[in-house]
Structure formats: C-alpha cells, structure tokens
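*Asks:* Here is a sequence together with a model predicted from it:
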Amino acid sequence: DHWETEPWSGRIVATPFTPGAVAILEPGNRSFQTMGEPHDVYSGPFILPRTHETIVTGRGHAWVVGGNSLQPWKPADALIRAGAGGISAVYDATSIQAIIAVDTAHRLWGTLDDIKWQKLVSLDKYAFGKVFNSPGAKSALFVSEKAVTKISKAESGGAAVLVAETLSSTNANGADRNFAYLPLFGDVLEYGR
C-alpha cells in the first residue's frame, strides 16, 4: 500500500494497490478507519504541506482527504477548464510555491495561484514520477524513468509564470538514473560516469 504521514497532524493516510477504500490512522489510534468507495482504485496520497491538504486521485478526479469523508479538490475545476482531461497526480512544489499536476493524458501542469493553470510539457504514456524540490536551484524537478523536467519561475509581461525544461529523456527507462535527491540539503544532483 501507498501511505504518507501528514506533517501537520501526524495522521497516516494510505491507499491500496487494488480496489479498496482510503484508510486513515489517527495519532493514538490502533486501527485504520476507511473512507471513500471501497471498490475504487485510488492513487496517492499526495501531501500538500503549504495548504495542509492530502489529496487522493481516481477515475480522473482529485479529492481532499477530510476528517470523515473525501471532498472534491477545488483547484481541480480550474485545471479541467484549462484543458486537462482528468487528474492522476498532484504535488506541492514548495521550492517555487507552485502546485504541479499530472493529467490523465500524461501532461504536466502547474499553477502559482490554484486558478491559472499552465500546460508545461507532454510526458511519455508510462512516465510515472515524483516531484523533488530544489530550493538551492530555485526550481522543482519532475523525475520519472522516461524524463527529468526542471520547473522554475520566470517573468512574462510583468507576471510570474512557470517554465519547464527537459534535462534528460529516453525512450527506454533510465532518464532518472543520473539524478540523486538529497533531502537533507534540498538539492538534486546530476552525476555521470
């Protein structure tokens, strides 16, 4: 199962690999409580520390894991209106104060305000990945086995926008092999032979 601990509450949120419900373990409890439809397949959980939200996705939708139920994630509406087909993953890029999402059409999206979403890049169909924050580089990296994409802020017409740059890509797996994330320092290192 996939699980994460919310840093602000200490509760554990878990999603099963197979159809099942989202499971919550509150601090001090000895058993998990479930919420959501038990026959659904959920992805995540995705922790958004800046907004104190935990998101799970399934069937192209994103929900906030509340105290007793799953609630629709409000920024999803603006993302769908921007052209996303549905939502498969959501990440908090704290190093650039942005939210990064992957849609069901395998495209990377970003927002600085939860309202104006930008399509950043198209990904390979099997480019499942994760976002790593790199405060030292003032950027975030979406790292998958097929591609490594650097996401940073820039100015355009007096407004802040997000810019994506592909650092490494391959048709086979292995684009991520020359990158190492150092959580202690908040940096991503690229290395070679």
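*Replies:* Good, I have the coordinates.

*Asks:* From Ser31, how far out is the spatially closest residue to Gln33 that is not a sequence neighbour?
*Replies:* With sequence-adjacent residues excluded and distances taken as Cβ to Cβ, 6 or more residues apart in numbering, Gln33 is closest to Ile24, at 5.0 Å. In this view, the C-beta of every residue, glycine as well, is placed from N, C-alpha and C. Separation of Ile24 from Ser31 (Cβ to Cβ, to the nearest Å) stands at 10 Å.

*Asks:* Looking at those two, which one has more neighbours?
*Replies:* Ile24 (21 against 7; other Cβ atoms under 10 Å).

*Asks:* Give me the nearest residue to the residue minimising distance to the centre of the chain, chain neighbours excluded.
*Replies:* Against the mean C-alpha coordinate of the chain, by Cα atoms, centre = their mean, the closest residue is Tyr91 at 2.4 Å. Once flanking residues are discounted, Tyr91 sits nearest to Val131: 3.7 Å by Cβ to Cβ, 6+ apart.

*Asks:* how about that neighbour, what does it touch?
*Replies:* Under the criterion of Cβ atoms under 8 Å, 6 or more residues apart in numbering, the contact list for Val131 reads Tyr91, Asp92, Ala93, Ile100, Ala140, Leu141, Phe142, Val143, Ile151.

*Asks:* secondary structure class for the residue nearest to the centre of the chain?
*Replies:* Reducing the assignment to helix, strand or coil with DSSP: H, G, I helix; E, B strand; the rest coil, the entry for Tyr91 is strand.

*Asks:* circling back to that earlier point, pull out the buried residues from whichever strand or helix holds the residue nearest to Tyr91.
*Replies:* With the criterion set as DSSP states H and E, the secondary-structure element containing Val131 is strand 129-134. Of the residues in strand 129-134, Gly129, Val131, Phe132, Asn133, Ser134 count as buried by neighbour count, 16 or more other Cβ atoms under 10 Å.

*Asks:* before we move on, what about stretch 26-39?
*Replies:* Result for stretch 26-39 [16+ other Cβ under 10 Å]: buried residues Met35, Gly36.

*Asks:* residue ranges with poor pLDDT in the chain?
*Replies:* Low-confidence regions of the chain, defined by pLDDT under 70, span residues 1, 126, 174-176, 186, 191-193.

*Asks:* Tell me where it has helices.
*Replies:* When secondary structure is read from DSSP state H, the chain shows helices at 75-82.

*Asks:* Going by distance to Asp114, which of the buried residues of strand 129-134 wins?
*Replies:* Taking Cβ to Cβ as the measure, Val131 is the one of those closest to Asp114, at 16.2 Å.

*Asks:* His2 and His106, how far apart?
*Replies:* For His2, the distance to His106 - Cβ to Cβ - is 20 Å.
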